[in-house]
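Peer 1: how would this look folded up:
(2 chains)
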Amino acid sequence: DTAVSQTPKYLVTQMGNDKSIKCEQNLGHDTMYWYKQDSKKFLKIMFSYNNKELIINETVPNRFSPKSPDKAHLNLHINSLELGDSAVYFCASGSSGDRVETQYFGPGTRLLVL
Amino acid sequence: AQTVTQSQPEMSVQEAETVTLSCTYDTSESDYYLFWYKQPPSRQMILVIRQEAYKQQNATENRFSVNFQKAAKSFSLKISDSQLGDAAMYFCAYRSFGNEKLTFGTGTRLTIIP
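Peer 2: Numbering: from 1, shown residues only, chains lettered A, B, ... in the order given. Model (predicted):
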């Protein structure tokens, strides 16, 4: 049983296109996240949602719009894709009721913008 | 702002030997959590071990243990009896209490020599 799943795993697209990445967790967590891992493997948080409410929005271009239809899903929509958006995007989830609140990650989506 | 530093971009160890990966962090908080995540070539981010700052006892998980030095703001990971499957990028991460944001170090690539 996959705890945190993302689709697609790979995404190759042209500059200027709009694309979405879906994330689902079946851990019963109330908080979900999107992270971006660049070509140098550096991981940085982009967004955090708690109970469908935006909690963290790091300085991410507004071409990136997260959407949380319910606690178990957090999708990432990217408009007008640019070359610099090429990266691996990770979804993660955690429980705010857990004092340590460990975050569990999905398998990542490798996005390549040509 | 909190920062996490991993000063060893690459490390290698002979199979069955012990290796220590270093991590230091900078914070003014007193209550926080520290994590080590492993990222094998499959790209999946896997939690290895976690430590709560208010606990003086070092965390251990089978062959993995940490040396947590709160005053020195140091959180090293020791891997005993290294196995080929331990080959991966290892990321140190920090989160302060009450804050969902997880801050990562730049990672250490560990190679296991057969």
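
Peer 1: Contact residues of chain B facing chain A?
Peer 2: Chain B comes close to chain A at residues B:33, B:35, B:37, B:39, B:42-47, B:50, B:52, B:89, B:91, B:95, B:97, B:100-104, B:106-107, as judged by CB under 8 Å from any CB of the partner chain. Where C-beta positions appear, they are placed from N, C-alpha and C, glycine not excepted.

Peer 1: what is the mean pLDDT for the helix or strand hosting B:Arg95?
Peer 2: Assigned by DSSP states H and E, B:Arg95 belongs to strand B:88-96. Confidence for strand B:88-96, expressed as mean pLDDT, is 95.

Peer 1: in its sheet, what does that strand sit against?
Peer 2: Using DSSP bridges, the strands paired with strand B:88-96 in its sheet are strand B:32-39 (antiparallel), strand B:103-104 (antiparallel), strand B:108-113 (antiparallel).

Peer 1: Nearest approach to A:Ser80 belongs to which of those?
Peer 2: strand B:103-104 (27.6 Å; CB to CB).

Peer 1: What lies in contact with that closest one?
Peer 2: A:42-45, B:2-4, B:37, B:91-95 (CB atoms under 8 Å, 6 or more residues apart in numbering or on different chains).

Peer 1: show me the contacts for B:Ser30.
Peer 2: B:Ser30 neighbours (CB under 8 Å, 6+ apart): B:Ala53.

Peer 1: What pLDDT is listed against the closest residue to chain A within chain B?
Peer 2: Using CB to the nearest CB, the closest approach of chain B to chain A is made by B:Met45 at 3.7 Å. In this model, B:Met45 is scored at 91, pLDDT.
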